[in-house]
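[1] my questions are about this predicted structure, shown below with the sequence.
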Amino acid sequence: MPMPLPRALTAVICTLALAACDSPMNQTAKERSESSALPPATETRLATSIGNEAGQHTGDQSGFHLIHEGPQALVARAVLIDETSVSVDLQYYIFSDDTSGRILTDKLLQAADRGVRVRLLVDDLGTRLNNPWVTPLDNHPNIEVRVFNPVEGQSRIRRGLEQLLNLGRINHRMHNKLLIADGIAMITGGRNISDGYFTSADVEFLDVDTIAIGAILPEAAKTFDEYWNHQVSVPASELVLENEDAHTLTELRDRLQQRLHEEEASEFFQAVKDSSLAQDLAQGKVSFEWGKATLLADPPDKAAEPDRIPITEYPGYQLEQIVRKLQQRLQISNAYVIPGEPGMNLFTELEKRGVQVDVLTNGLSSTDTAAAHGGYSRYRKPLLRAGVRLWELRPAAEREHRMHWFKDKSRATLHAKTFVMDSDRGFVGSINLDSRSIILNTEIGVLIENREINRQLQELFQTWTAPDSAWRLELDSEGDIRWRRTDDDGEEIVKDKDPNSTLWQRFLTGILAYLPIESQI
């Protein structure tokens, strides 16, 4: 017979459980103020330029401009915020307290000071714990901050208790990345707001975003509103922070000015300061590729009430249906590739029909998640046997710096989530090829029907899989994996173990490969 808990301990647990049950998560959306996208700007220089550009195309067309260099991706976000006169809506998994995060926070404050309405939606696990300087923005009369699916609790004990009591809910995170400026331009793709995604960090991320204008904007605004007004998007004002995490708007302004002054020599600060992108956008000098496009976005209920959402509404499922109909090629750049049985069946079916499937992902030396690499490593031989051509990214420290955004001895990791489909379509988004992304988290991306975008993504894939960037994986006569590349002199280099890895790393991922955790990574 189990020993009874001491009364005092029982009382503490009951009190904490009741407190967790009484958290803001239990309020309905109707008890909070709802808001929706404001009418698009019409009289700004950016609105005029975009209107002129859109006027040359039919009403169902959208324009896209790809960005794969990190500093330019930060500049694009800063410029769009600077150009707003009506509204800025932002939705991010991570919004860090670092140089890039502070630059954009300052831009948001400047926009709000001139009367722009700002709505910032962040994921709790990705942002609030690591950046207590986000929530003070909520004190500005023109800014509202909401936290998606928060883990409520002031103390570590209470927060830990809620994680135990509500693991099923908390396990679903908002992985979306979206910025909408004045209802006329948006940025989406793979990048969070953190220095590594814009290349000034110990680990630098290869990634792709797109600026989009035209017919896709109303759908993006609708999607943002659905997340913003959902019951699990909790106003920051309702969340109780620990005392050391609570800051005033004045403290935020003072800290921003001090830190940005200290960082004005940084590559990020200089990139934003010296950029001509605002002028180029206003003068119509930025080239947009036009075509039909589809926004693929998970409904927010995927995180709140997943049993209510049919799988047909998942972007991963929708992408799969498109991929099944391909006739020529599929080129995938993705941080995490854990295809599972459904993915293996899909790739095998494509190869049997003569569709060439090429995949670039992270190697053991470039991954940022050992568990994900462990899960992926079990599929390398099956993928190769199925006819998939497979590459793994090399760490940046070994490169000859042909791609200028790699600096010093920082390590590169692939973070992009792109598809090249036949010769006429491309996909850019936040969706990884693993169970967490497809089933648990919410995601977003755009399917673009345009041959030039397809060509640009294909060219980027070829650059990233070149010998000085990636290892090509093959099976030898014994069925073992060999990693191959050629050096600058044309001499072939062959490895029989994960390149640039240690015995401990291989041992650890070998164990992780066979743990029953694939559904969680």
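    Thanks, I have the structure now.

[2] OK, contacts around the residue sitting nearest the centre point of the chain?
    Nearest to the centroid of the C-alpha atoms of the chain, with distances taken as CA atoms, centre = their mean, sits Gly190, at 3.6 Å. Applying CB atoms under 8 Å, 6 or more residues apart in numbering to Gly190 gives the contacts 177, 197, 205, 207-209, 335, 415-417, 428-430. For every residue, glycine as well, the C-beta is placed using N, CA and C.

[3] tell me the pLDDT of it.
    For Gly190, the pLDDT comes out at 97.

[4] for Lys495, see how far away it is.
    Gly190 sits at a distance of 28 Å from Lys495 (criterion: CB to CB, to the nearest Å).

[5] any chance of TSV for the contacts of Gly190, columns secondary structure?
    Shown next, in TSV, are the contacts of Gly190 (DSSP: H, G, I helix; E, B strand; the rest coil):
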residue	secondary structure
Lys177	strand
Tyr197	helix
Phe205	strand
Asp207	coil
Val208	coil
Asp209	strand
Ala335	coil
His415	coil
Ala416	coil
Lys417	strand
Val428	strand
Gly429	strand
Ser430	coil
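
[6] dump those residues into CSV; add distance to Val122 and neighbour count as well.
    Listed next are these as CSV, based on distance: CB to CB, whole Å; neighbours: other CB atoms under 10 Å:
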residue, distance to Val122, neighbour count
Lys177, 11, 25
Tyr197, 15, 26
Phe205, 19, 22
Asp207, 19, 28
Val208, 22, 23
Asp209, 18, 25
Ala335, 21, 27
His415, 18, 25
Ala416, 22, 24
Lys417, 20, 24
Val428, 21, 27
Gly429, 19, 29
Ser430, 14, 26
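
[7] closest to Gln283 among those residues?
    Asp209 (21.8 Å; CB to CB).

[8] show the contacting residues for Arg378.
    Taking CB under 8 Å, 6+ apart as the criterion, Arg378 is in contact with Ala513, Tyr514.

[9] end-to-end on stretch 395-411?
    From its first residue to its last, stretch 395-411 covers 5 Å (CA to CA, to the nearest Å).

[10] stretch 459-478 too?
    One end of stretch 459-478 sits 34 Å from the other (CA to CA).

[11] let me see the mean pLDDT of it.
    When pLDDT is averaged along stretch 459-478, the result is 96.

[12] please apply the same query to stretch 366-373.
    On average, the pLDDT along stretch 366-373 is 87.

[13] list the buried residues of that stretch.
    Within stretch 366-373, the residues that count as buried by 16 or more other CB atoms under 10 Å are Ser366, Thr367, Asp368, Thr369, Ala371, Ala372, His373.

[14] how close does the second one get to Ile213?
    Here Thr367 is placed at a distance of 35 Å from Ile213 (CB to CB).

[15] show me the contacts for Ser87.
    Ala37, Leu38, Val116, Arg117, Val118, Arg119, Ile180, Ala181, Asp182, Gly183.

[16] host element of the fifth one?
    Meaning Val118. strand 117-123 (DSSP states H and E).

[17] give the other helices and strands that the helix or strand that that strand is followed by contacts.
    Toward the C-terminus, strand 117-123 is succeeded by strand 143-148 as the next helix or strand (DSSP H and E). Helices and strands touching strand 143-148, by 3 or more CB pairs under 8 Å, 6 or more residues apart in numbering; DSSP states H and E, are helix 99-113, strand 117-123, strand 233-235.

[18] pick the most buried one from the ones you listed.
    strand 117-123 (a mean of 23; mean count of other CB atoms under 10 Å).
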